[in-house]
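Peer 1: generate coordinates for the sequence data below:
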Amino acid sequence: MAKAIMIQGTMSNAGKSLLAAGLCRIFHQDGYRVAPFKAQNMALNSFITKEGLEMGRAQVMQAECAGIEPSVLMNPILLKPTNNVGSQVIVNGEVLGNMSARDYFAYKKNLIPAVKKAYDKLASENDIIVIEGAGSPAEINLKDADCFVNMGMAKLAEAPVLLVGDIDRGGVFAQLIGTVDLLEDDERAMVKGLVINKFRGDKSILDPGVEMLEERSGIPVVGVAPYMQIEVEDEDSLTERFDHQAPIGQIDIAVIRVPRISNFTDFNPFERMECVSLRYVSRVSELKNPDMIILPGTKNTMEDLLWMRQNGLEAAVLKAASAGTVIFGVCGGYQMLGRTLSDPMGVEAGGTINGMGLIPMDTVFAGEKTRTRVQGTFGKVEGILADLSGTELEGYEIHMGVTTLAEEASALTSIGDTNTGSTAKADGAQYKNVYGTYVHSVFDKELVADRIIAAIGKKKGIDTTNMTGVDYQTFKESQYDILAAELRKHMDMEKIYQILEEGV
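Peer 2: Below is the predicted model of the structure:
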């Protein structure tokens with residue numbers, strides 16, 4: 001069985017996912033078979049494996065760092081919030097159902113066998129498992145239900161724990177000491193190292209604080225990791241990407257930041273392009289006059305469309321569309337572009353509402369979720385993005401709606417299941433300067449993003465020769481190597497290997 005090490009944090013967004021990813025890369029570079037594991041993940045950014053199963057995006061990123069194919073074994077339970085008090089519960093990649101928070105906490109002990117089975121299978125196939133916790137292990141109101149999230153998982157896997165605190169937000173010493181003090185004696189004994197994360201400045205100034213931490217806790221500080229501008233995919237809505245105020249570039253793209261935005265990593269390739277700005281907007285005043293407006297995926301299409309309708313963003317998008325701005329919808333954002341959205345089975349909000357009416361099509365929500373990895377090509381694309389015609393694409397579908405086009409609209413792409421090699425099917429729709437697709441990661445292929453930017457530049461009379469993108473997968477691999485190199489400089493890897501070897 002594999003040896004295990006677990007990364008826990010003093011709070012959400014302390015940097016657990018990134019540090020776990022970096023350790024996966026380091027162990028992989030050192031010749032070990034390593035796999036990531038997070039028993040329970042709550043996020044709207046999900047991914048479809050080659051088997052057509054759904055898992056959290058963070059463990060996909062960590063698997064890429066480890067040089068292995070993502071598997072639902074790495075994330076057996078995924079919670080996708082549907083509202084403020086409930087989530088869709090996904091177990092082993094398939095939907096179990098929707099549950100309120102109270103119902104889930106009462107039910108979750110029934111999922112221990114599924115978690116243990118997934119972990120044991122991974123452990124039998126690898127040398128090292130890097131486990132990631134969630135939130136904080138010292139949440140008093142949640143500790144009784146922690147059967148496999150933080151210390152509960154550490155006990156199941158007999159994994160020593162590295163506790164991570166975020167100095168960038170301030171109060172890191174209170175974070176770390178307070179968390180350790182709130183743990184039970186047997187839990188405290190499992191914490192074998194402390195990590196100060198997101199440090200900026202001269203480390204020598206921090207040294208007295210490090211000594212105090214070690215004296216007060218009796219636990220060694222095994223690293224002071226710097227604040228790293230590493231471009232890897234974010235897990236959820238706590239991403240700092242939404243708050244980044246980039247100057248408006250020669251080509252400006254605005255993504256509507258709906259409340260339940262999902263899979264916003266779809267748009268990362270545009271961020272890599274020189275003179276292109278990608279902005280997330282949630283108010284009409286922020287929209288300004290972009291060259292392309294993207295409606296992203298969402299966990300609740302109907303309610304997020306109503307949110308846009310109430311705050312004026314829908315009217316602003318309609319005005320931009322009538323002025324010739326490129327409008328592009330992905331998954332839930334694509335569904336919003338149609339004439340009607342119907343939910344006879346109560347999958348989302350129930351009932352029927354009008355869509356934006358930008359594409360003559362209608363969507364009906366079904367009880368069964370489509371989960372498919374796909375590849376294909378853009379068909380005969382009309383309008384501003386005509387140069388996309390024939391361009392190859394790949395990605396995945398993950399939705400619960402069936403969309404029917406009227407005669408005036410035409411399909412945007414032709415895609416097939418990469419796993420089964422099934423006959424290609426029509427996907428998406430286009431009508432005038434409005435385009436939509438169910439395919440997530442549709443912009444990842446370098447030529448797709450390049451041709452979209454070139455087409456917009458042509459319309460504006462701008463030379464986009466120097467705005468070319470990069471192959472996104474190649475770019476990510478380079479970032480993983482930079483992450484590992486930085487952690488090797490600032491983490492005591494000899495001590496971490498010793499902790500790994502000694503266990504609990």
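
Peer 1: local confidence estimate at residue 266?
Peer 2: Note on residue 266: pLDDT of 93.

Peer 1: repeat for residue 245
Peer 2: Residue 245 is given a pLDDT of 68.

Peer 1: any weak-confidence spans in the protein?
Peer 2: Along the chain, the parts satisfying pLDDT under 70 run over 234-246, 421, 469-470.

Peer 1: need the longest helix for it.
Peer 2: In the chain, taking DSSP state H as the definition, the longest helix is helix 472-490.

Peer 1: C-alpha coordinates for it, PDB please?
Peer 2: This file holds the C-alpha atoms of helix 472-490, laid out as PDB (Å, rounded to 0.1, in the frame of the first residue of the first chain):
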ATOM      1  CA  TYR A 472      -3.000  25.300 -23.300                       C
ATOM      2  CA  GLN A 473      -1.900  21.800 -22.200                       C
ATOM      3  CA  THR A 474       1.800  22.600 -23.000                       C
ATOM      4  CA  PHE A 475       1.400  25.800 -21.100                       C
ATOM      5  CA  LYS A 476       0.000  24.100 -18.000                       C
ATOM      6  CA  GLU A 477       2.800  21.500 -18.000                       C
ATOM      7  CA  SER A 478       5.400  24.400 -17.900                       C
ATOM      8  CA  GLN A 479       3.500  26.000 -14.900                       C
ATOM      9  CA  TYR A 480       3.500  22.700 -13.000                       C
ATOM     10  CA  ASP A 481       7.300  22.500 -13.400                       C
ATOM     11  CA  ILE A 482       7.700  26.100 -12.200                       C
ATOM     12  CA  LEU A 483       5.500  25.300  -9.200                       C
ATOM     13  CA  ALA A 484       7.600  22.300  -8.200                       C
ATOM     14  CA  ALA A 485      10.800  24.200  -8.600                       C
ATOM     15  CA  GLU A 486       9.600  27.000  -6.300                       C
ATOM     16  CA  LEU A 487       8.400  24.600  -3.600                       C
ATOM     17  CA  ARG A 488      11.700  22.800  -3.700                       C
ATOM     18  CA  LYS A 489      13.400  26.100  -2.900                       C
ATOM     19  CA  HIS A 490      11.200  27.000   0.000                       C
END
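
Peer 1: for the next helix or strand after that helix, packing partners?
Peer 2: For helix 472-490, the succeeding helix or strand toward the C-terminus, using DSSP states H and E, is helix 493-502. For helix 493-502, the packing partners by 3 or more Cβ pairs under 8 Å, 6 or more residues apart in numbering; DSSP states H and E come out as strand 3-9, strand 191-199, strand 221-226. Using the backbone N, CA and C atoms, a C-beta is placed for each residue, glycine as well.

Peer 1: just the buried positions in the helix or strand just after the second one, please.
Peer 2: Read that as strand 191-199. Later in the chain than strand 191-199, the nearest helix or strand by DSSP H and E is helix 203-217. If you call a residue buried by 16 or more other Cβ atoms under 10 Å, then helix 203-217 has these buried ones: 206, 210, 213, 217.

Peer 1: quick one: contacts of helix 203-217?
Peer 2: Residues outside helix 203-217 that contact it (Cβ atoms under 8 Å, 6 or more residues apart in numbering): 173, 176, 177, 180, 194, 196, 199, 219, 220, 221, 224.

Peer 1: got JSON lines for the helices and strands packed on helix 493-502, with distance to residue 138 too?
Peer 2: Below are these laid out as JSON lines (distance: least, Cβ to Cβ, whole Å):
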{"stretch": "strand 3-9", "distance to residue 138": "9"}
{"stretch": "strand 191-199", "distance to residue 138": "11"}
{"stretch": "strand 221-226", "distance to residue 138": "18"}
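
Peer 1: among those strands, which is the most enclosed?
Peer 2: Highest mean neighbour count of these: strand 3-9, a mean of 26 (counted as mean count of other Cβ atoms under 10 Å).

Peer 1: and the angle for that strand with helix 493-502?
Peer 2: Here strand 3-9 runs at an angle of 120 degrees relative to helix 493-502 (axes from the mean of the first three to the mean of the last three Cα atoms, to 10 degrees).

Peer 1: quick one: list the elements packing against strand 3-9.
Peer 2: helix 16-29, strand 128-132, helix 151-157, strand 161-166, helix 493-502.

Peer 1: what lines up beside the second one in the sheet?
Peer 2: Same thing as strand 128-132. Next to strand 128-132 in the sheet, as set by DSSP bridges, lie strand 3-9 (parallel), strand 34-37 (parallel).

Peer 1: residue 444 is nearest to which of those strands?
Peer 2: strand 34-37 (21.1 Å; Cβ to Cβ).

Peer 1: show the subsequent helix or strand relative to the closest one.
Peer 2: strand 40-42.

Peer 1: what sits up against that next one?
Peer 2: 55-56, 58-59, 75, 77-81, 87, 108, 115, 134, 148-149, 235-236.

Peer 1: now do stretch 444-455
Peer 2: Under the contact criterion Cβ under 8 Å, 6+ apart, stretch 444-455 has outside partners 251, 269-270, 273, 276, 292, 326, 378, 384-388, 391-395, 442-443, 464, 467-473.

Peer 1: okay, and which of these map to helices?
Peer 2: Short answer: those in helices (DSSP H) are 269, 270, 472, 473.

Peer 1: just give me the longest strand of this structure.
Peer 2: In terms of residue count, the longest strand belonging to the chain (DSSP state E) is strand 361-378.

Peer 1: which strands and helices sit next to it?
Peer 2: Strand 361-378 is packed against strand 46-48, strand 340-343, strand 392-405, strand 413-417, with contacts defined by 3+ Cβ pairs under 8 Å, 6+ apart.
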